[in-house]
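Enquirer: please find the sequence and the predicted model below.
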Amino acid sequence: MRKISHKLSLATCTLLGGAQQAQAEAIDNAWDLDSSILYYSEADDRVSVTKAMAFLSGKLSAKDTINVNLVLDTMSGATPTGAVKSQSSSLTSFTGASGASATIDGGASVDRVHFSDTRMGVALSWDHQLNRTHTISYGGSLSVEKDYQSYGASINYRIDSADRSYTYTFGLATAWDQIYRKTDGTPEPLSSVEDNSIFSDGERYSYDLLAGITKVFNKKTIAQLNYTLSYSDGYHTDPYKVVSQVRLVEDSITGEFAWAELERYYEARPDSRLRHVIFTSMAHQYAGAGETLHLDYRLYTDDWGIDSHTVTLRHRTPLSKQAYLEPHIRYYQQSAADFYLHSILDNDSSPVVLPEYASADNRLAETTGITLGMEYGQQLAGGKLRIRGEYINWQHQDAEYDETAAVVLQLSYQKRFY
Amino acid sequence: MKAVFYLMLFTTLTGCSFYQSASQAFSSEKVEAWERGVLARDDMQLDADPVRTFSDEHIYFSKEASTGGRGVGGGGCGCN
């Protein structure tokens, strides 16, 4: 009798063990799909973007993971060109502040350019665990739209300390971008728009180097510090942006002063850029179960004269075991690029001396940005549903369009398949 | 004068409280593998939602002059 019961327990153990092994293999082979749709819309009928994304991640073996990211953007709207705003018809002929008279070429001034485009992006990466503490990751990316193409490759190496208190990360990435206008190549920098002097397509090569450290401070706190050095060489100018040559004039009818555009040039930016970025991030659970705080800070500087500070704060509060609410605030402040200007001032000196580089793109102006957002998350049908809404406001100093305001709505659903 | 005093008191108390919270958060201790339940949670990952991070980085890259910091690789765009 004892013999039979012994055999029975052995058989039970074998069956259970087999089931556990099968479950472990199933978890090892789990695939994770995160799909998302995002809508971005700027006030004043400017840019609107619909973005569809699918991030797929799966284990190929106990040591290999593959990640596939697919993105499809549909963009349309109008974006500031950098030119001063359209003037009223009464300003086609004017008296300058100095008393001199001049005449502007007739026709409506275009200070915004309408566009529509579709972008498709694919990024692949393969993580391979070399041993218990060393992991290498190879990546490749491709992005195509009607006036821009980008091809990238990267390699990242991660080392965990033996007790897993520290993780050291080293990364190297390179990209080749091709830039052109939908209709033709790229305009000659600082040439008059009227001349229509067109060069061939622009090319840019970028190189990024990253070193980072992540530390587990205690059971509830983890933090990261990254340093990134980036260098890019080639065409950095925006082929659609222009700079106005202006004179301050008094409207002969209303008596008000306004900028009158005399001439319009394509912008010109330096042909290289060196950037340094220090990024810190921490996650901390500080009260009870589930209340989590995320705090990020980024310090950025480059040789175009742009320095910026970015602070991001998220706080997740569980509403139940299945749902949470997460308010979010982000503050951003940047200084202007050395060559940023509102316009080229014509003060009756002839001819006007053009600077070596010039851009009136408000994204290169001194800017302060605030983001306020809220996310709701819910476990649903074995997956994770997230809905978020955000309001973003940028204030640009000394810019023709001194405000950009946008709303973001995003719906995401993540599910794991075994 | 009273307002300045209360402002200083408030600042000091807030500062102390923040300092205490910060020193508690960053107190260093060895964490064994079986004590990592909280650290293993999805919301405790430094990039808790890669899709959201990717979306945000694309928006800010398109509208601001500075970018990067979190990692390298991934691909660019000619965003307006």
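Expert: Arrived safely. The shown structure was predicted, so the numbers you read here are calculated from the model rather than taken from an experiment.

Enquirer: and residue A:83, what helix or strand is that in?
Expert: Under the criterion DSSP states H and E, no helix or strand holds residue A:83.

Enquirer: ok, it touching residue A:111?
Expert: Yes - counting by C-beta atoms under 8 Å, residue A:83 sits close enough to residue A:111 to count as a contact (4.6 Å). Heads up, the C-betas are built off the backbone N, CA and C, glycines and all.

Enquirer: neighbour count for the two, which is higher?
Expert: Ranked by neighbour count (other C-beta atoms under 10 Å in any protein chain shown), residue A:83 and residue A:111 place residue A:83 first, with 24 against 19.

Enquirer: ok, now which ones touch that one?
Expert: By C-beta atoms under 8 Å, 6 or more residues apart in numbering or on different chains, the contact list for residue A:83 reads A:109, A:110, A:111, A:242, A:243, A:244, A:261, A:264, A:360, A:400.

Enquirer: any chance you could map the helices in chain A?
Expert: A:2-28 (DSSP state H).

Enquirer: helices and strands of chain B: which one bottoms out on pLDDT?
Expert: None of the helices or strands of chain B scores lower by mean pLDDT, DSSP states H and E than helix B:2-25, at a mean of 62.

Enquirer: got a list of contacts for the next helix or strand after it?
Expert: Per DSSP H and E, the first helix or strand lying C-terminal to helix B:2-25 is helix B:50-63. For helix B:50-63, the external contacting residues (C-beta under 8 Å, 6+ apart) are A:34, A:36, A:38, A:40, A:51, A:53, A:55, A:69, A:71, A:332, A:363, A:369, A:375, A:386, A:388, A:392, A:394, A:404, A:406, A:408, A:410, A:412, A:414, B:47, B:67, B:70, B:74, B:76-77, B:79-80.

Enquirer: in helix B:50-63, which residues are buried?
Expert: Within helix B:50-63, the residues scored as buried using 16 or more other C-beta atoms under 10 Å in any protein chain shown are B:50, B:51, B:52, B:54, B:55, B:56, B:57, B:58, B:59, B:60, B:62, B:63.

Enquirer: swap in stretch A:320-333?
Expert: Quick answer for stretch A:320-333 (16+ other C-beta under 10 Å): A:324, A:326, A:328, A:330, A:332.

Enquirer: again with stretch A:233-247
Expert: Neighbour-count burial for stretch A:233-247, counted by 16+ other C-beta under 10 Å, picks out A:234-247.

Enquirer: and those residues, which is closest to residue B:35?
Expert: For the buried residues of stretch A:233-247, the closest approach to residue B:35 (C-beta to C-beta) belongs to residue A:236, at 49.0 Å.

Enquirer: quick one: pLDDT of the closest one?
Expert: You'll see residue A:236 listed with a pLDDT of 97.

Enquirer: again with residue A:239
Expert: pLDDT at residue A:239 comes out at 95.

Enquirer: same thing with the one 10 residues further on?
Expert: The predicted structure scores residue A:249 at 83 on the pLDDT scale.

Enquirer: I figured it hits residue A:261, correct?
Expert: No - Residue A:249 lies out of contact with residue A:261 (C-beta under 8 Å); the separation is 10.3 Å.

Enquirer: so what sits against both of those two?
Expert: By C-beta under 8 Å, 6+ apart, no residue touches both residue A:249 and residue A:261.

Enquirer: tell me the two of the buried residues of stretch A:320-333 that are most distant?
Expert: Checking the buried residues of stretch A:320-333 with C-beta to C-beta, the most distant pair is A:324 and A:332, at 25.4 Å.

Enquirer: and residue B:31, how close does it get to residue A:213?
Expert: 16 Å (C-beta to C-beta, to the nearest Å).

Enquirer: looking at the two, which one has more neighbours?
Expert: Taking other C-beta under 10 Å, residue B:31 and residue A:213 do not tie; residue B:31 has more neighbours (20 against 13).

Enquirer: any chance of the buried residues of helix B:50-63 in CSV, with pLDDT too?
Expert: What follows is these, written out as CSV (pLDDT from 0 to 100):
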residue, pLDDT
B:50, 95
B:51, 97
B:52, 97
B:54, 95
B:55, 96
B:56, 97
B:57, 95
B:58, 95
B:59, 96
B:60, 97
B:62, 95
B:63, 96
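
Enquirer: show me which of the residues you listed is closest to residue A:313.
Expert: When the buried residues of helix B:50-63 are compared against residue A:313 (criterion: C-beta to C-beta), the nearest one is residue B:56, at 13.5 Å.

Enquirer: how much space separates the closest one from residue A:346?
Expert: Distance from residue B:56 to residue A:346, by C-beta to C-beta: 41 Å.

Enquirer: skipping its backbone neighbours, what lies nearest residue 39 in space?
Expert: Picked chain A for this. residue A:409 (4.7 Å; C-beta to C-beta, 6 or more residues apart in numbering or on different chains).

Enquirer: meant chain B, my bad for not saying
Expert: Nearest one to residue B:39, counting by C-beta to C-beta, 6+ apart, is residue A:222 at 5.9 Å.

Enquirer: quick one, grab the pLDDT at that neighbour.
Expert: 97.

Enquirer: let's have the buried residues of stretch A:320-333 in CSV, adding distance to chain B and pLDDT.
Expert: Below are the buried residues of stretch A:320-333 laid out as CSV (distance: C-beta to the nearest C-beta, whole Å; pLDDT from 0 to 100):
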residue, distance to chain B, pLDDT
A:324, 8, 96
A:326, 8, 97
A:328, 9, 97
A:330, 8, 98
A:332, 6, 98
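
Enquirer: of those, closest to residue A:418?
Expert: Using C-beta to C-beta, the buried residues of stretch A:320-333 come closest to residue A:418 at residue A:324, 24.5 Å.

Enquirer: that closest one reaches residue A:384, doesn't it?
Expert: No - using C-beta under 8 Å, residue A:324 is not in contact with residue A:384; the gap is 10.1 Å.

Enquirer: tell me, what's touching the two both at once?
Expert: residue A:377.

Enquirer: which ones are touching the residue nearest to residue A:39?
Expert: Contacts of residue A:409 by C-beta under 8 Å, 6+ apart are A:38, A:39, A:388, A:389.
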